[in-house]
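>>> Model the following, please.
(chains A and B)
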Amino acid sequence: MADGAKTGTVGTPGTPRVLVVWCPDWPVAAVEGAGTDGRPVAVTVGGRILACSEVARAAGVRQGQRLKLAQRLCPALELRDRDPEAETRRFEPVAAAVEAFTPRVEVLRPGLCAIPVKGPGRYFGGEEALASKVRTAVAAALAGEWATGSAHPGHPADGAHPADADPAGLDHPSGPRAEAPHAQVGVADGLFAAVLAARAGVLVPAGRTAEFLAPYPVAALGDEVSAELLDRLGLPTVGAFAALPAEAVADRFGPAGTAAHRLARGLQPRPPVPREEGPDLSVEQRFDPPEPLAEPLVFVARPLAERLHERLAGAGLTCGRVAVEVVCADGRTASRLWRHEGRLSATALAERVRWQLQAWQSTGAFDAPGEGRDGAPEGAHDAGFTALRLVPDGLAPDQGWQLALWGQAVVDDRVERAVARVQAVLGHAGLRRIEPAGGRGPGEQAVRVPWGEPHEPGAPVDAPWPGRLRDVWPAVVYRAPVPVAVVDADGRPVTVDGRAGVSARPSTVVVRGRELLVDGWTGPWPAVEYWWDQSLARRRARFQVASADGRALLLTVEGGEWFMEAGYD
Amino acid sequence: MAAGDRGLLPVPPALGAVLPEGGLRRGTAVSVGGGDAGLLLALAAGVGEAEGGWVAAVGLPDLGLAAAAGYGLDLRRLLVADDPGPHWAEVVSVLAGAVELVMLRPDGPVAPSAAARLAAVLRRSGCVLLVAGPWPGAVLRVGVRSGRWFGLGDGHGQLTGRQVEVVAEGRGSAVRGRAARLWLPDERGEVRAVTGTSGLDGPDGPDEMHEVHGMGEAVTPGAGVGLERMAVV
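Sure, this is the predicted structure:
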């Protein structure tokens, strides 16, 4: 499908072609039953503008703007609260109309849905023909929804399918003038580019997606890389970012940057991972006896979503899409695929399930078979729901899976986002995590590995390490051992011979010009490593030294030179 | 771990006895005077055990990871930014939103304005900032006074533990400083209260030192127990 998780698309050199249907300003359209009619209208959420009508936009109102600023720019602005349920309900006829072309409709959010071009494109006589047919069907569905929906908000289609009501809707002579919102269709390689193509209303020819994307500002790539940072680096456009070598991007920005870079080049954000037969991770709640109302389904949506999350986490996977499926007592099923960007939290997933159930309910999808046609509500008992199922689709390895190698630490999104932001500032290697390692020295017990990179231990962790230091570990381990001088009571350098004999009792250690009086000492502990390999062989001896001022040091002597390896703070 | 309430980040019990509130107040900055690495690690060790939260170390490339694990820090949930350079404040404010506690050694002196900006970030996120060294606006200053290592003789023995006097003084509720004698670390690498009336107040002369050295030689494993007994005498 859109991100090539299906094995069929893996072998093709390009990215799968995707068709996207976009209804502009959908949050506004959904709450305005009769159309905006040239009035400035905006939908707000949390004190900011979520969407606005054409007229409001002409006055300078923008998405994300603060309410106060928007009202100053456009004093006549009418404000509406966001209504996600209405958005989903009124989009349902559109999704249904698109579903007539292929069952694989993915709803990205209400107002935006996508289908793969591959199958239906061939069947309907090419991309252009498909696009124009989809455009016509969607326009008809919207007109139908608005003809009926505006007259009776919340009670669409008295038995008639919205699409069937199309001719009546187009020349509806009476009542409030229902100005149906329009929809745009776009086709490109990959979902990301197809969404932008739909916004522009163009069909991007196969293989020319990178060219199409090039003039867009880097901010179009979303949150994966900091647009501000790229701008500072002199990469204002997607094209300029795409021109960077992939290795350089990976070094600097890590996995998230690589994904954005692939998008910029018109590729899939992550290379498709063929999965032959994935484990069945779907979760299901059965209802026995059948549940006649939709509300209890909404109620179980949240624990079900949490269960799905746990199962995915347990398998080390994430999913790009979730199908919401409902089974009725009479054997009918309804299913809708929801796609999402990034990781979908259990809460967000439960919310989508709720929207979808309410949309189906209000469009009459689950009315008893006889009810719609005959008006006889005798089927009320047969028409209950027997199951709600969530089926993950587009499975991909979880980016944070490496941590599972050492225990089962689960990386939550908060940490991953913070890591990505720090790596954008300090470079990919600027933020590291810890992996256990094997070795004798205090600095060899654990290694720092750049976040997002797998670690292959060079030496076994649990192997016996003769000469390994005991349980009291130094709290300070110097990255580079600090050269020191060790002298005896007469001021002569202390030496160690081949038989681990010490020339004299160490009395003073000189560290960076400071003299520390030796209060107690022990050693030498020889540590000959890799004696079988001349190039790696090291012949060292370690001393522990306590100084009169309450500190303790780990000293190493190698080839006659003394170093401070660690400090016991 | 001590202190279960939401406003406090727990610390190992022995340290909780020194801190005025028994734990680290969330959303505040704590200065570890002298930057004693052992004390820094021991203060951070309570995070993982109680709630599985994350810890970050910024600008502390020399932190002994094995010692950190000994104090009880969960290395799987540790993020290290060794060389943040001049970006340390930016890095801390990003990480504060994701981790329970940040250990920090700033790159150079800290301007009060930069500390105030970070203080606002901490208050919002509830993250605790443990600074190795001074910090303008720290609500709590913790330090190590008069430490001494045990276990080494004259050419023999092995380090078995350090006895220190930990001092904490804060603002407001804890103007008066508190102090306690602790093993930091004890022979198992953990932090533990020094039991008995023993410790550094006792006769602190060369004689005792000699005896201690002698003990280190006589009982090498578990020498810590013997040392305590010695100190009482």
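>>> isn't there a strand covering residue B:158?
Yes - the assignment for residue B:158 by DSSP: H, G, I helix; E, B strand; the rest coil puts it in a strand.
>>> just so I have it, where are all the strands in the stretch 251-400 of chain A?
Listed in chain order, the strands of the stretch 251-400 of chain A (DSSP state E, counting those that start in this stretch) span residues A:283-291, A:317-328, A:333-339, A:385-397.
>>> And for chain B?
Read by DSSP state E, chain B holds these strands, from start to end of the chain: B:8-9, B:24-25, B:29-33, B:55-58, B:78-81, B:101-104, B:128-132, B:140-152, B:154-155, B:157-170, B:178-183, B:192-193.
>>> What strands flank the longest one, and is each parallel or antiparallel?
Paired neighbours of strand B:157-170 in the sheet (DSSP bridges): strand B:140-152 (antiparallel), strand B:178-183 (antiparallel).
>>> in the shortest one, what counts as buried?
Burial within strand B:178-183, assessed by neighbour count using 16 or more other C-beta atoms under 10 Å in any protein chain shown, is assigned to B:180-183. Just so you know, the C-beta spots here come from the backbone N, C-alpha and C atoms, and that holds for glycine as well.
>>> so what does the longest helix along chain A touch, helix or strand wise?
Among the elements of type helix in chain A, defined by DSSP state H, the one spanning the most residues is helix A:127-151. Applying 3 or more C-beta pairs under 8 Å, 6 or more residues apart in numbering or on different chains; DSSP states H and E, one finds that helix A:127-151 contacts strand A:17-22, helix A:84-99, helix A:118-123, helix A:166-170, strand A:184-189.
>>> Need the strands paired with strand B:157-170 in TSV (columns: distance to residue A:116 and mean pLDDT).
Conversion of these to TSV gives the following (distance: least, C-beta to C-beta, whole Å; pLDDT from 0 to 100):
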stretch	distance to residue A:116	mean pLDDT
strand B:140-152	59	89
strand B:178-183	65	90
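>>> Which pLDDT value belongs to the most centrally placed residue in chain B?
The residue at the geometric middle of chain B, judged as the C-alpha nearest the mean C-alpha position with C-alpha atoms, centre = their mean, is residue B:39 (1.9 Å). pLDDT, residue B:39: 94.
>>> doesn't residue B:185 make contact with it?
No - contact status for residue B:39 versus residue B:185: not in contact, 10.4 Å apart, counting by C-beta atoms under 8 Å.
>>> and of the buried residues of strand B:178-183, the nearest to chain A?
Using C-beta to the nearest C-beta, residue B:183 is the member of the buried residues of strand B:178-183 that lies nearest chain A, at 10.3 Å.
>>> returning to that earlier point: could I get the strands of the stretch 251-400 of chain A as CSV with mean neighbour count and mean pLDDT?
Converted to CSV, the strands of the stretch 251-400 of chain A look like this (neighbours: other C-beta atoms under 10 Å in any protein chain shown; pLDDT from 0 to 100):
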stretch, mean neighbour count, mean pLDDT
strand A:283-291, 15, 83
strand A:317-328, 21, 81
strand A:333-339, 19, 81
strand A:385-397, 20, 80
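>>> Save those strands as JSON lines, and put in distance to residue A:251 too.
Listed next are the strands of the stretch 251-400 of chain A as JSON lines, based on distance: least, C-beta to C-beta, whole Å:
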{"stretch": "strand A:283-291", "distance to residue A:251": "39"}
{"stretch": "strand A:317-328", "distance to residue A:251": "24"}
{"stretch": "strand A:333-339", "distance to residue A:251": "30"}
{"stretch": "strand A:385-397", "distance to residue A:251": "21"}
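>>> out of those strands, nearest to residue A:205?
Evaluated with C-beta to C-beta, the strands of the stretch 251-400 of chain A place strand A:333-339 nearest to residue A:205, the distance being 24.2 Å.
>>> what residue ranges in the stretch 351-500 of chain A are flagged as low confidence?
Residues of the stretch 351-500 of chain A that meet the criterion pLDDT under 70 lie in A:364-383, A:396-413, A:438-443, A:445, A:452-471.
>>> ok, now with 90
A:351-474, A:479-481, A:491, A:495-500 (pLDDT under 90).
>>> Of the helices and strands packed on helix A:127-151, which shows the lowest average pLDDT?
If these are sorted by mean pLDDT, helix A:166-170 sits at the bottom with a mean of 39.
>>> Tell me the strands beside the strand ranked longest in chain A, with direction?
Ranked by residue count and defined by DSSP E, the top strand of chain A is strand A:514-529. For strand A:514-529, the paired strands and their directions (DSSP bridges) are strand A:506-511 (antiparallel), strand A:538-547 (antiparallel), strand B:154-155 (parallel).
>>> of all those, which gets the most neighbours per residue?
The highest average neighbour count among the strands paired with strand A:514-529, using mean count of other C-beta atoms under 10 Å in any protein chain shown, belongs to strand A:538-547 at a mean of 20.
>>> And chain B, is the helix or strand following that one touching that?
Helices and strands here follow DSSP states H and E; after strand A:538-547, the next one along the chain is strand A:552-558. Yes - applying C-beta under 8 Å from any C-beta of the partner chain, one finds that strand A:552-558 is in contact with chain B at residue A:552.
>>> What of stretch A:419-429?
Yes - Stretch A:419-429 is in contact with chain B by C-beta under 8 Å from any C-beta, via A:419, A:421-422, A:425-426.
>>> before we move on, the earlier item: would you tell me which of the strands paired with strand B:157-170 gets closest to residue A:213?
Distances from residue A:213 to each of the strands paired with strand B:157-170 were compared using C-beta to C-beta; the shortest belongs to strand B:140-152, at 52.3 Å.
>>> Identify each buried residue in the closest one, please.
The neighbour-count criterion (16+ other C-beta under 10 Å) identifies B:140-144, B:147-152 as the buried residues of strand B:140-152.
>>> In JSON lines, list those residues along with distance to residue B:189.
Converted to JSON lines, the buried residues of strand B:140-152 look like this (distance: C-beta to C-beta, whole Å):
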{"residue": "B:140", "distance to residue B:189": "25"}
{"residue": "B:141", "distance to residue B:189": "25"}
{"residue": "B:142", "distance to residue B:189": "20"}
{"residue": "B:143", "distance to residue B:189": "21"}
{"residue": "B:144", "distance to residue B:189": "17"}
{"residue": "B:147", "distance to residue B:189": "16"}
{"residue": "B:148", "distance to residue B:189": "17"}
{"residue": "B:149", "distance to residue B:189": "14"}
{"residue": "B:150", "distance to residue B:189": "14"}
{"residue": "B:151", "distance to residue B:189": "13"}
{"residue": "B:152", "distance to residue B:189": "17"}
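>>> Show the pLDDT at residue A:100.
84.
>>> buried set for stretch A:51-65?
Going by 16+ other C-beta under 10 Å, stretch A:51-65 has these buried residues: A:51-53, A:55-57, A:61, A:65.
>>> Out of those residues, which sit inside helices?
Residues of the buried residues of stretch A:51-65 located in helices (DSSP H): A:55-57.
>>> What about chain B: which of those residues touch it?
Near chain B, judged by C-beta under 8 Å from any C-beta, there are no entries from these.
>>> May I see these organised as a markdown table, with pLDDT added?
What follows is these, written out as a markdown table (pLDDT from 0 to 100):
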| residue | pLDDT |
| --- | --- |
| A:55 | 85 |
| A:56 | 87 |
| A:57 | 87 |
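>>> I'd like these written out as TSV, with distance to residue A:315 added.
Formatted as TSV, those follow (distance: C-beta to C-beta, whole Å):
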residue	distance to residue A:315
A:55	50
A:56	46
A:57	45
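>>> Now do the end-to-end distance for stretch A:239-247.
Taking C-alpha to C-alpha, to the nearest Å as the measure, stretch A:239-247 stretches 17 Å from start to finish.
>>> quick one: that stretch to chain centroid distance?
Stretch A:239-247 has its average C-alpha position 22 Å from the chain's average C-alpha position, going by C-alpha atoms, centre = their mean, to the nearest Å.
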